[in-house]
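# I would like the atomic coordinates for the input below:
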Amino acid sequence: MEHLHEKFHYNEALDFYLTLLDAGGHRAGWPDFSWHAQLWTEGSAAPFNVYSREGHSVNCHNDAGRIHIIAADHRLAIGRLHIRLTADVPDKHFPGGIRKAVVSEAVDIDITDRTAGIHIMPVEITLRLPVEINTLQQPSIPSTATAATPVLTVADNGELIAHGVQPLLDAGLTPVLFRCLWRSNELTGDGEEHPERCREKRWTRFTRFGDAVAIDAYGVLSFRTDLLAQYHNDHAERSTSASALLLREEPAAVVYGRRILDIDDMRALRMLCFPFVLGFIDASDDGPARRWTLADCVATVPFRVRFTPVFHYEKDEVTRAECFVGFELK
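From the prediction side, this is the model:
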């Protein structure tokens with residue numbers, strides 16, 4: 001089956017998170033070293049440049065410890081997107097204490113002249129550098145926990161499985177979920193002159209319930225079934241289905257911080273993809289006033305939930321629609 005790529009119209013700004021892994025699979029977050037990325041497609045007259053040097057960033061910004069790239073007016077030709085990234089990784093064994101690391105790949109983004117997909121949230125792209133990075137910063141936590149590198153897989157039955165998390169759980173860390181929402185605060189903005197101060201994206205803890213997500217002895221993730229309910233039940237059941245994170249039954253709707261669409265309105269149904277992050281925190285100081293961010297996590301691993309409607313036709317007319325919800329890894 002053909003792998004599905006994210007699609008952007010050529011007049012549309014590219015908006016995506018870029019995750020850097022080192023040779024050992026460790027996440028670099030927002031790197032404290034200089035890096036430069038070139039974006040291009042076959043036939044493009046010139047590449048689009050993105051970089052961060054000595055605290056100065058161009059066409060990207062630090063989004064809660066992640067590289068967030070926004071390529072507006074990129075003027076790239078139609079085709080598959082390529083990224084070449086050069087990183088100045090600190091290494092005392094190399095001249096000047098800097099080791100050049102280069103990775104160049106075609107990524108899962110297509111630039112098209114047709115109607116593109118609907119992007120509620122930024123796309124997720126991952127690149128792996130061919131070197132080890134020894135400057136990763138982690139919160140203070142037992143060494144057995146910081147050595148853990150969580151990995152997620154999706155089982156044949158659709159369950160989300162976490163691997164390598166036992167040291168984190170043994171260290172007393174709590175698994176929590178984050179989703180990326182818009183935050184609006186017009187009191188801190190200056191209207192049209194500085195709109196970025198009025199509305200920004202921020203990763204937010206999904207719920208205040210400490211047991212919102214659980215991981216059993218086999219690594220299977222389960223979620224409270226009342227996460228989207230207006231009133232929570234102290235004895236709520238748990239579900240391993242992705243629908244627990246996205247679908248509200250009464251009234252039937254897709255919800256991601258806010259109502260996205262009604263399931264019984266076939267005119268509104270469309271394929272949607274929503275990003276989440278599984279994080280592990282030291283919840284000993286948790287409380288009503290505590291605001292958690294991805295930077296507070298000892299370890300994080302992203303995943304997505306995809307909502308896919310399938311329409312049934314009779315004589316060119318839609319008679320009914322089935323909706324499928326599942327986990328997706330990039």
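# quick one: low-confidence parts of this protein?
Residue ranges of the chain with pLDDT under 70: 1-4, 115-121, 134-148, 182-201, 330.
# at 50 instead, please
For the chain, applying pLDDT under 50 flags the ranges 1-3, 135-141, 143-144, 147, 188-191, 196-198.
# Nearest residue to the middle of it?
Pro275 (4.5 Å; C-alpha atoms, centre = their mean).
# tell me the contacts of that one?
17, 121-122, 124, 179-180, 302-304 (C-beta atoms under 8 Å, 6 or more residues apart in numbering). Backbone N, C-alpha and C define where each C-beta goes, glycine included.
# Any figure for the gap between it and Pro47?
To Pro47, Pro275 is 26 Å away according to C-beta to C-beta, to the nearest Å.
# now swap in Ala72 and tell me
Distance, Ala72 to Pro47, using C-beta to C-beta: 15 Å.
# These two: which is more packed in?
More neighbours surround Pro47 than the other of Ala72 and Pro47, with 16 against 10 (other C-beta atoms under 10 Å).
# Now do stretch 210-227: distance from first to last residue.
Its first and final residues considered, stretch 210-227 spans 12 Å by C-alpha to C-alpha, to the nearest Å.
# returning to what we had before: take the contacts of Pro275 and write them to a markdown table, including neighbour count.
A markdown table is the format used below for the contacts of Pro275 (neighbours: other C-beta atoms under 10 Å):
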| residue | neighbour count |
| --- | --- |
| Tyr17 | 19 |
| Met121 | 20 |
| Pro122 | 20 |
| Glu124 | 20 |
| Arg179 | 18 |
| Cys180 | 22 |
| Pro302 | 20 |
| Phe303 | 23 |
| Arg304 | 17 |
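# and those, which two are the farthest apart?
Greatest spatial distance among the contacts of Pro275 (C-beta to C-beta): Pro122 and Phe303, at 14.5 Å.
# which residues pair with Leu160 across the strands?
Using DSSP bridges, the bridge partners assigned to Leu160 are Val154.
# Kindly tell me how buried it is, as a neighbour count.
Burial measure for Leu160: 27 neighbouring residues, criterion other C-beta under 10 Å.
# can you pull the contacts of it?
Counting by C-beta under 8 Å, 6+ apart, the residues that Leu160 touches are 152-154, 220-221, 240, 242, 303, 327.
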